[in-house]
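Colleague: Have a look; sequence and predicted model below, questions after that.
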Amino acid sequence: MIQPEQQALLYQMKADYLVRALGFNGEVRAFAVRTTKTIFETQLRHQTTPVASAALGRTMTIGTMIGAMQKGAARVTLKVEGDGPIGKIIVDADTAGDVRGYVSHPRVEGGTFVNDHGLTKLKVGEAVGRGTISVIKDLGLKDFVGGSSEIQTGEISEDFTYYFATSEQVPSVVGAGVLVLPEDESILAAGGIIVQLMPDASEETIQALEQALKTFPPVSVLIGEEKTPEEMLHMLLGDSLEVLDQKPVQFNCTCGRDRMESAIIGLGAEEIRHMIEEDGGAEAVCHFCGEKYHFSAEQLETMKQQAR
């Protein structure tokens, strides 16, 4: 549960947003997003350690952009299932900019290292481990669609770059970063980009994009320098940048008391009877947002009758 003083701090922060754009005369499509406030709220809700914040925050940032790729009222679910101590990472996002997520073990501790840019980085790859990532799309049809690929490094961005290339056959560059203040585990900056080549991209465009990527700084550094999503995209696409639209991004959970009641009723009358006799009530907690829902013995008795 977020405390009133924390809620006041969130209220003062800049709103997050996502930009959808084209470049090189439509031969490249691109997305860029600032998610600092969204990931900070997630950290407050789950009390994640720095390495867990980085892993979950990167996945939520990428999920936000993949959600924006869909049409209508579609939703996407991202699963990062490695064998590292962090456990599973689950992220849910939609086309409206709403995103939520959680990690199995939010209090995992992780080490650091100095990268080629001289920056101290968290060992996210060690915390995530090896396994699979998957993207499941609910397009409002009868069946879900999606794909999966093997985790390459555990650093999240590289893994989704590999996913797009192998599962969706779309050459892509995926970058997501989260800057964490170790002293109090708060989020200083978070954001990301996805740049994808269209099927008709020319060799000249490919070479120009590759050249721009060679000098492109880490996304977390750019967000920390308060670069906007538009400015990040301009650094890659130059004057060919054509911004199509932007939309707000925010943490939003779809849980509610009615949903929790339905879930408990779905357990069956016998299980509800055990709750009444052994505990005298029940408490349901949402994995995504941490909200708690209390049900008295009398309320459970009514739900038991419904279950029958």
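Modeller: Perfect, thanks for sending it. Quantities reported herein were computed from a predicted structural model and do not represent experimental measurements.
Colleague: can we go C-alpha only for contacts and neighbour counts from here?
Modeller: Fine.
Colleague: all helices for the stretch 201-308 of the chain, in order.
Modeller: With DSSP state H, counting those that start in this stretch, the ranges of helices along the stretch 201-308 of the chain come out as 203-214, 219-224, 229-237, 257-265, 269-274, 297-307.
Colleague: same check, this time on the stretch 51-200 of the chain
Modeller: 124-128, 157-167.
Colleague: Which of the ones you listed sits closest to Phe216?
Modeller: Comparing the helices of the stretch 51-200 of the chain against Phe216 with Cα to Cα, the closest turns out to be helix 157-167 (14.7 Å).
Colleague: and that closest one, what does it pack onto?
Modeller: strand 131-138, strand 145-150, strand 172-181 (3 or more Cα pairs under 8 Å, 6 or more residues apart in numbering; DSSP states H and E).
Colleague: Please identify the deepest-packed of those strands.
Modeller: Highest mean neighbour count of those: strand 172-181, a mean of 23 (counted as mean count of other Cα atoms under 10 Å).
Colleague: Which residues does it contact?
Modeller: Strand 172-181 has contacts (Cα atoms under 8 Å, 6 or more residues apart in numbering) with 36, 50, 53-54, 57-59, 61-62, 156-158, 160-161, 164-165, 186-197, 218-221, 224.
Colleague: quick one, what contacts Asp92?
Modeller: Asp92 makes contact with Met60, Gly63, Arg75, Val76, Thr77, Leu78, Val99, Arg100, Gly101 under the criterion Cα under 8 Å, 6+ apart.
Colleague: Nearest residue to it in space, ignoring adjacent ones along the chain?
Modeller: Thr77 (4.5 Å; Cα to Cα, 6 or more residues apart in numbering).
Colleague: repeat for Gln47
Modeller: Pro106 (6.8 Å).
Colleague: Just want to check the distance between that neighbour and Val145.
Modeller: Distance of Pro106 to Val145, given as Cα to Cα, to the nearest Å: 29 Å.
Colleague: go on, Ala201?
Modeller: Distance from Ala201 to Val145, by Cα to Cα: 26 Å.
Colleague: Please apply the same query to Ala15.
Modeller: In terms of Cα to Cα, Ala15 sits 32 Å off from Val145.
Colleague: returning to what we had before: could you say which one of the helices of the stretch 201-308 of the chain comes nearest to Arg20?
Modeller: Of all the helices of the stretch 201-308 of the chain, helix 229-237 sits nearest to Arg20, with 9.2 Å by Cα to Cα.
Colleague: List the neighbours of that closest one that are in contact with it.
Modeller: So helix 229-237 is contacted by 18-19, 23-24, 30-34, 193, 209, 212-213, 216, 222, 241, 243 (Cα under 8 Å, 6+ apart).
Colleague: Determine the longest strand present in this structure.
Modeller: Longest strand in the chain, counting residues (DSSP state E): strand 186-197.
Colleague: Within the sheet, what are the partner strands of that strand, with directions?
Modeller: Strand 186-197 has these partner strands in its sheet, going by DSSP bridges: strand 28-34 (antiparallel), strand 172-181 (antiparallel).
Colleague: Now it: buried residues?
Modeller: Across strand 186-197, burial judged by 16 or more other Cα atoms under 10 Å covers Ser186, Ile187, Leu188, Ala189, Ala190, Gly191, Gly192, Ile193, Ile194, Val195, Gln196, Leu197.
Colleague: Point out the most buried one among the helices of the stretch 51-200 of the chain.
Modeller: Counting by mean count of other Cα under 10 Å, the most buried of these turns out to be helix 124-128, with a mean of 22.
Colleague: still on that earlier bit, figure out which of the helices of the stretch 201-308 of the chain is closest to Phe288.
Modeller: That would be helix 257-265 among the helices of the stretch 201-308 of the chain, by Cα to Cα, at 12.9 Å.
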